[in-house]
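*Asks:* Prediction below, plus the sequence it came from.
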Number of protein chains: 2
Amino acid sequence: MKFTCLKQELTGALSIVSKALSSKPQMPILSGIYIKSEGDHLMIEATDFELGIIVTIPADIETPGQLALPGRYFQEVIRKLPGDNVSIAEDTEEKSVRITSAQANYTLRTMNAGEYPGVHQLEGDLHFVIKDNILRSLVKKTVFACSNDESRPIFTGVYMDIDQNTVTMAATNTHRLAVKKETFDEPIGAMKLIIPAKVLGELLHILTSEIPSDVRINCSFNQISFSFENIYLTSRLIEGAFPDYHRVIPTNLTTHVQLKTDEVSAAMDRVSLISRANDYNVVKLSFADQKLHISSSNPDIGHAEETIHAQIEGDELTIAFNATYLVDVLKTLDGDVCTIDLHQPLSPIAIRDSDDPNFIYVVTPVRTMH
Amino acid sequence: MKFTCLKQELTGALSIVSKALSSKPQMPILSGIYIKSEGDHLMIEATDFELGIIVTIPADIETPGQLALPGRYFQEVIRKLPGDNVSIAEDTEEKSVRITSAQANYTLRTMNAGEYPGVHQLEGDLHFVIKDNILRSLVKKTVFACSNDESRPIFTGVYMDIDQNTVTMAATNTHRLAVKKETFDEPIGAMKLIIPAKVLGELLHILTSEIPSDVRINCSFNQISFSFENIYLTSRLIEGAFPDYHRVIPTNLTTHVQLKTDEVSAAMDRVSLISRANDYNVVKLSFADQKLHISSSNPDIGHAEETIHAQIEGDELTIAFNATYLVDVLKTLDGDVCTIDLHQPLSPIAIRDSDDPNFIYVVTPVRTMH
């Protein structure tokens, strides 16, 4: 194999596919990046069996073929090259490639490309197209609510419920729940799946183009793929039945509060400086006199309190939470105003974004001594 | 104690003094930041017994006094405050302070200020004034050459030889040596001392003002202090006699090479990508045909080579080094052109900066198999 391409294109492709390189690969070949030529393009791939990524870039291909190179070294070498163009030529006898750019010459040992399992293009049962900003918002507003606890896999993923004209994403760690819905003009079929949070996190990092683009989603019973621009990303799905989250959404809420999102977010962030020194990271919220009073204490360090303006309808109430569960959601809200609906000190509350009627966040309070 | 000051001034002071907070304090009180009022100023201090820092800032002082607060928490709380002004009021009975800024209120437990050892202003035997940029250059061009090996303390510091009209700084880890000299118009006395590299590293971070300033240096037999702007920094010295480094500077060098600094620095950086995977991080340099050829090999990963233009006078030569010892010095050089003077494959070489006749770097080559 022998080709020349733009260094910038190759660097960009490698920084994307390297997200699918495992730090502890199941097989040695999975620490490699695989390159295949197709017409006047290179397909650059990596996979850890959970996540697979292919990025396609234009290249001037002299001898077509396929190659596997040690991922981390290949990425670092290309990033450091001095010139604008990179030439890569394989020496099959020496089991190496020669990488040339301006006055720099590297030789890297190749891996056995024949052993590479490949990222297979998914022939799904259901597919639809979604705008990148809509997909980004669906993911961003739910994925943070997942659990990290690998012993209960279904909570480490985001549930995606495709039901004709709606796609709903939901995530929970059993103490909090985030749900976001999107509506489509045309029915797109029906399917329920659980996508690993880690993969969606990487998708958010890659899906940052400033040019609006369409993302084509393809789903099978055990896989999902996202394709957009020159990128193809595929993930295995998490097996299992997601619990019926509708039951968790409270309906009997009697106290309704409106707050300025940036005010409550900044205040919560500051109070959590004290609360996070505590075992349960507890902050106390008192809703009274058209004010929200947020406080936290630690006997060894001290005490933090903030008072912000609130528009309160209904009974006054004092309630306590794990600060992280509030800080996390407040950061994802886009609207100027958010609402908190409550019932009693030990009942779950609902948080909503004034700008987004399709989003709801439910969080269970904690019991405190005082 | 009770005072109000600008949040920005306090944040700046805390970020500087916190460099003297040890992560493993010898006494609990050393995890604290100490504040004392003096007229219309606050003196904010921290020390780990090796390094001590005092920063003075203006404040509106209602009740004078002294205070000690848990360092990390105090710094984080102040940094996150919403308003422009911070008010701090002590409650001696409660052993706490109340910190107020806009709508935010924190209470932090105080530490026992009486236990605080204090940063003592040094009454030195010798003092002189040096321009900040000259001091920065003396430190920057030597400190990187120190050793990290705590078992031989004198090599973990930079030697400062004050001899009337000259100040020379020298540092070595026994494999490499960096020496830089400065000349003064007036004689300033004579003294030899070894300053901990860690302290000089912090000094470089703090000494970054864009306005040229004078630094007053004060030395005693076991301490040095630097005062500039509103900052006072003092350090204990390392005991012991620094070896006579003059003997190490080679004089019989017969091959003279001129190189473009940025070219050789970038090439060395790229080749070291391969060499650093090796146990001894070895790069090979061949000087021949008015070219420098830099290369390194690793049997498992591959090979890197670069060829750059060189102006060579004298015998051609192939020689090998620990890549780090070359990469480090090349990064500190300011001139466009550097010179390398050599003799034989196993003799030390000298590296000089075309723009700086007062700097010299000596490095010992390594023996290689091929």
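*Replies:* Now that the structure is in, tell me what you want to look at.
*Asks:* the residue most distant from the middle of chain A, which is it?
*Replies:* Distance from the C-alpha centroid of chain A, by C-alpha atoms, centre = their mean, peaks at A:E93 (42.6 Å).
*Asks:* Assign a three-state SS to A:I211, would you?
*Replies:* Under DSSP: H, G, I helix; E, B strand; the rest coil, A:I211 falls in the coil class.
*Asks:* check contacts around A:F128.
*Replies:* By C-beta atoms under 8 Å, 6 or more residues apart in numbering or on different chains, the contact set of A:F128 is A:I162, A:V167, A:F184, A:I188, A:G189, A:R216, A:I217. All C-beta spots, glycine's among them, are computed from the backbone N, C-alpha and C.
*Asks:* Redo those residues as CSV? Include distance to B:T100 and pLDDT.
*Replies:* Converted to CSV, those look like this (distance: C-beta to C-beta, whole Å; pLDDT from 0 to 100):
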residue, distance to B:T100, pLDDT
A:I162, 52, 97
A:V167, 48, 97
A:F184, 51, 94
A:I188, 55, 94
A:G189, 58, 94
A:R216, 55, 97
A:I217, 51, 97
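*Asks:* which among those end up buried?
*Replies:* A:I162, A:V167, A:I188, A:I217 (16 or more other C-beta atoms under 10 Å in any protein chain shown).
*Asks:* check the residues you listed against chain B, which are close?
*Replies:* Checked against chain B using C-beta under 8 Å from any C-beta of the partner chain, the buried ones among the contacts of A:F128 give no members in range.
*Asks:* Which of those sits closest to B:T63?
*Replies:* Nearest to B:T63 among the buried ones among the contacts of A:F128: A:V167, at 62.0 Å, using C-beta to C-beta.
*Asks:* Was I right to think that closest one contacts A:V158?
*Replies:* No. Between A:V167 and A:V158 there is no contact, the gap being 11.5 Å when judged by C-beta atoms under 8 Å.
*Asks:* How about the residues of chain A by chain B?
*Replies:* Counting by C-beta under 8 Å from any C-beta, the residues of chain A near chain B are A:70, A:73, A:76-77, A:80-82, A:96, A:103-109, A:266-267, A:269-270, A:273-274, A:277, A:300-308.
*Asks:* Please point out which parts of stretch A:132-152 sit buried.
*Replies:* Those would be A:132, A:135-147, for stretch A:132-152 by 16+ other C-beta under 10 Å.
*Asks:* Turn these into CSV, columns for distance to B:I154 and secondary structure.
*Replies:* CSV is the format used below for the buried residues of stretch A:132-152 (distance: C-beta to C-beta, whole Å; DSSP: H, G, I helix; E, B strand; the rest coil):
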residue, distance to B:I154, secondary structure
A:D132, 60, helix
A:L135, 61, helix
A:R136, 57, helix
A:S137, 60, helix
A:L138, 62, helix
A:V139, 57, helix
A:K140, 55, helix
A:K141, 59, helix
A:T142, 59, helix
A:V143, 54, helix
A:F144, 52, coil
A:A145, 56, coil
A:C146, 54, coil
A:S147, 53, coil
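*Asks:* and the residues you listed, which two are the farthest apart?
*Replies:* Farthest pair in these, by C-beta to C-beta: A:D132 and A:S147, 26.8 Å.
*Asks:* ok, of the residues of chain A next to chain B, which come out buried?
*Replies:* A:70, A:73, A:77, A:80-81, A:96, A:103-109, A:266-267, A:269-270, A:273-274, A:277, A:301-308.
*Asks:* how many neighbours does the closest residue to A:Q258 other than its chain neighbours have?
*Replies:* Excluding its sequence neighbours, the residue lying closest to A:Q258 (C-beta to C-beta, 6 or more residues apart in numbering or on different chains) is A:Q311, at 4.2 Å. The number of residues packed near A:Q311 is 13, by other C-beta atoms under 10 Å in any protein chain shown.
*Asks:* Quick check: phi and psi at A:Q311.
*Replies:* phi -100, psi 110 (degrees, to the nearest 10).
*Asks:* Next one: it from chain B, what distance?
*Replies:* 16 Å (C-beta to the nearest C-beta, to the nearest Å).
*Asks:* Surely that residue is in contact with A:T255?
*Replies:* No. Counting by C-beta under 8 Å, A:Q311 sits too far from A:T255 to count as a contact (11.4 Å).
*Asks:* Give me the subset of the contacts of A:F128 lying in strands.
*Replies:* Among the contacts of A:F128, the members falling in strands (DSSP state E) are A:I162, A:V167, A:R216, A:I217.
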